[in-house]
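In: I need the structure of the sequence given here:
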Amino acid sequence: MFFTLIAVFIAGIGGAGLAMLLRMTFRGRLPAWITPLFAGGAMIVATVSTEYTWFDNQVGNLPEGMEVIVSREHTAWYQPWTFVRPYVNGFIALDHASIRMNDALPGVQLVNLYVYGRWAAITEVPMAVDCEAGRQMTLIDQPDLTEAALGDDARWNAMPEGDALRAALCDEA
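Out: Below you'll find the model as predicted:
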């Protein structure tokens, strides 16, 4: 956030400098109000640009073996251009390198999902996925991975056919 703020301020200074250069070139025939207009316009362009490039920058910096399985597009009334072209302000990535099997329950895979959000810390979510039964469970509140913790009495959630985690993990095998 700090670097974005610095980039916006630099863009504003650059826009104001361009306006002042234009005023000097045209020997004052341009009105003085174009300086703050150019500064504000450059700041808006810089802000919008960072919003639209955030997702591509984050995906480009993901380590080997990470796959984006879900992305969240953003629209807002105070950003009317987002209704024409929404931008991605969050996504969930599956770490294929973290996939491991549970010896206590054959067929259950333990994976790590990472939740990324614009202006938010990255959150790691450990999951248990049973592809054969079509179910999944978040392991945040399960400190021990025993058969009792992952058994039929546990809080499993059904994975529908179009589920992104199911498509990325179960349908590839």
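In: which residue, other than its chain neighbours, is closest to Leu110?
Out: Arg100 (5.0 Å; C-beta to C-beta, 6 or more residues apart in numbering). All C-beta atoms are positioned from the backbone trio N, CA, C, and that covers glycine.
In: again with Phe91
Out: Closest to Phe91 by C-beta to C-beta, 6+ apart is Ser71, at 4.2 Å.
In: per-domain residue ranges of the protein.
Out: The chain breaks down into these domains under automatic domain parsing: 2-60, 66-170.
In: reformat those as JSON lines; add mean pLDDT and mean neighbour count.
Out: What follows is these, written out as JSON lines (pLDDT from 0 to 100; neighbours: other C-beta atoms under 10 Å):
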{"stretch": "domain 2-60", "mean pLDDT": "94", "mean neighbour count": "14"}
{"stretch": "domain 66-170", "mean pLDDT": "85", "mean neighbour count": "15"}
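In: now do the contacts for Glu51.
Out: When contacts are counted by C-beta atoms under 8 Å, 6 or more residues apart in numbering, Glu51 is found next to Tyr87, Asn89, Arg118.
In: would CSV of those residues with distance to Ala104 and secondary structure be doable?
Out: Putting those into CSV (distance: C-beta to C-beta, whole Å; DSSP: H, G, I helix; E, B strand; the rest coil) gives the following:
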residue, distance to Ala104, secondary structure
Tyr87, 43, strand
Asn89, 39, strand
Arg118, 38, coil
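In: and which of those is nearest Leu165?
Out: Asn89 (20.4 Å; C-beta to C-beta).
In: show me what contacts that closest one?
Out: Glu51, Trp54, Phe55, Arg72, Glu73, His74, Gly117, Arg118.
In: in helices only, show me those residues.
Out: Filtering the contacts of Asn89 for membership in helices, criterion DSSP state H, returns Glu51, Trp54, Phe55.
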